[in-house]
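>>> sequence plus the predicted model coming up.
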Amino acid sequence: MTSINYPHSVLPSPLVSNARHQEEARLIRTKMDSGFTVARKRFTKVPVNFDFQLILDEDSLSYFQAFFKFELDYGLNWFNMNMPVGDSIQSSHEIRFIENPNYTWNGKFCTVTCKCEGNELNTGINYDTVMLGLIASLGGGVRGFETASNYLDKIDVAVNETLYNAFENL
């Protein structure tokens, strides 16, 4: 990560409702003579493009413009910023501007539209941690999955018997 951080204590976080991100293509697909398509990973790490907006008052706008000019050298330098990657999930990304910000005035407030690129999409969720939590919630280890499987088997039998009886009575 870079040593420059977005000033979250002074400037607001990006709006979640208008945020967008898109990863560059990671896979390559080759159509075979047989008609089937073969897919393979072309890259293990790809850049991601972020579009987001900030709503700033006059003082915040001046601070943002100074940050963009002096700290980021007009968008040349990379910086760390919490970016929205879901409805309520924000995770830290190393990003830099790919275009100059666009400023639109709405009364006393300014909407700043930004286009940035990041090194890699950080979803903010660790898959291994989520799976360990799921296993623990089921009773732990393989036994937890056996317990859940027993419950699912009982539910399956009950549903099938109920449906069989309902159709038999028709």
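Great, that's in hand.

>>> quick one: residues contacting the nearest residue to residue 108 once chain neighbours are set aside.
The shortest distance from residue 108 to any non-neighbouring residue, by C-beta to C-beta, 6 or more residues apart in numbering, is to residue 57 (6.4 Å). No exception for glycine: its C-beta is placed from N, CA and C like everyone else's. Residue 57 is in contact with 108-110, counting by C-beta atoms under 8 Å, 6 or more residues apart in numbering.

>>> mean pLDDT per helix and strand in this protein: which one sits at the bottom?
helix 141-168 (a mean of 62; mean pLDDT, DSSP states H and E).

>>> now the helices for the chain?
58-66, 127-137, 141-168 (DSSP state H).

>>> state the distance from residue 25 to residue 42.
Distance of residue 25 to residue 42, given as C-beta to C-beta, to the nearest Å: 7 Å.

>>> check contacts around residue 98.
49, 75, 115-117.

>>> on that earlier part again, more neighbours: residue 25 and residue 42, which one.
residue 42 (12 against 9; other C-beta atoms under 10 Å).

>>> quick check: that one touching residue 29?
No - using C-beta atoms under 8 Å as the test, residue 42 is too far from residue 29 to be in contact (9.7 Å).

>>> and the residue nearest to the spatial centre of the chain, how close does it get to residue 36?
Taking C-alpha atoms, centre = their mean, the centroid of the chain lies closest to residue 85, which sits 2.7 Å from it. Going from residue 85 to residue 36 by C-beta to C-beta gives 34 Å.

>>> same thing with residue 69?
Per C-beta to C-beta, residue 69 is found 53 Å from residue 36.

>>> with residue 24 instead?
25 Å.

>>> the two: who's more crowded?
Ranked by neighbour count (other C-beta under 10 Å), residue 24 and residue 36 place residue 24 first, with 11 against 8.
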